[in-house]
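**Q** Show me how the following folds:
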Amino acid sequence: MSNTPGRRIDVTLVAGGKYHDIDFARRELLTLLGEHEEFRVRVQPDYEDTAGIAKSSILVSYTCDVRPSEKAQTDIRSWVENGGRWVALHGTNAALTLGGPNGVDAPRCFPSWADTLGSQFVAHPPIQPYTVQVSDPNHWLVAGIESFDTDDELYLSEYANRDALHGLLHTTWQGDAKGFVEADWTNCDPTHLVMYLRDLGQGSILYNTLGHCRGHYDMAPVLDYYPRIERCSWEKPAYYELLRRSLRWARGLNE
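**A** Just a heads-up that it's a prediction; the model follows:
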């Protein structure tokens, strides 16, 4: 499908999952997608309607603990390999099991999904400010963006093949990811990718781990009422600039 300006561009937005204010993220992403008059956007809560995704040239995802079926994993990987562009956000690579005696677990339940995305979420330290730095200042997706502080979830991930990932943003951290089964990160590689490109066949994935958000009613059934409203990087102008550039990248532009 052509992404030339003046031609219709079909987009699928997958927004769904647990423990996040999906309504807020969906609304914000639809607003940004609406800045492109050629985009015709369909929305689904999970990855199972792969026929709909296959008709799109762009996939945007904001999910958490949405575990695609084997068929969906295979179909979406093939879609990328055949030229699809996927903007994957925040918890797209996350599977979580809450309620265990040792904290939140990150089961390795979708290895092919993690391989396609290039990473799987494992843990994060308590939400607190950290600095996001530019890894490749010459790449137009991040060129001119200054290092910025955010109070987001700092994703600690397992990488399928880190050498295959083109890092765009990173942060540095070592310590205790309190509340997670895999909590000890005191001796880990201190550099953690925040945003990267993963080429796959004729297509590519742009992953950005930022973007946590949570409202009062998003922790059910663990909690009926969560006391804080969390918007994290959604309150940072730099994050919206990154999202806008990501959508331009998805349609094949390079500036």
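
**Q** Which parts of this protein are helices?
**A** In the chain, the segments counted as helices under DSSP state H are 22-33, 50-54, 70-81, 111-117, 237-250.

**Q** out of the ones you listed, which comes closest to residue 127?
**A** helix 237-250 (15.0 Å; CB to CB). (C-beta placed from N, C-alpha, C; glycine too.)

**Q** quick one on the thing from earlier: got the helices of the chain as TSV, with mean pLDDT columns?
**A** Listed next are these as TSV, based on pLDDT from 0 to 100:
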stretch	mean pLDDT
helix 22-33	98
helix 50-54	98
helix 70-81	98
helix 111-117	98
helix 237-250	98
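
**Q** These: which one's closest to residue 141?
**A** helix 237-250 (5.2 Å).

**Q** Name the residues of the closest one that come out as buried.
**A** Buried residues in helix 237-250, counting neighbours by 16 or more other CB atoms under 10 Å, are found at 238, 239, 242, 243, 245, 246, 247, 248, 249, 250.

**Q** With stretch 107-123 instead?
**A** Those would be 110, 113, 114, 115, 116, 117, 118, 119, 120, 121, 122, 123, for stretch 107-123 by 16+ other CB under 10 Å.

**Q** returning to that earlier point: can you tell me which of the helices of the chain is nearest to residue 131?
**A** helix 237-250 (11.6 Å).

**Q** tell me what that closest one is packed against?
**A** If you count contacts as 3 or more CB pairs under 8 Å, 6 or more residues apart in numbering; DSSP states H and E, helix 237-250 packs onto helix 22-33, strand 58-64, strand 85-89, strand 203-208.

**Q** Contacts for the shortest one, please.
**A** When contacts are defined by CB atoms under 8 Å, 6 or more residues apart in numbering, strand 85-89 is touched by residues 25, 57-62, 76, 80, 117, 203-208, 210-211, 246-247, 249-252.

**Q** Can you name the residues bridging to residue 11?
**A** residue 41, residue 58 (DSSP bridges).

**Q** if we can go back for a sec, so which of the helices of the chain gets nearest residue 196?
**A** Using CB to CB, the helices of the chain put helix 111-117 closest to residue 196, at 10.0 Å.

**Q** neighbouring contacts of that closest one?
**A** 67-68, 70, 73-74, 76-77, 80, 88, 92-93, 108, 120, 158, 160, 198, 200, 205, 207.
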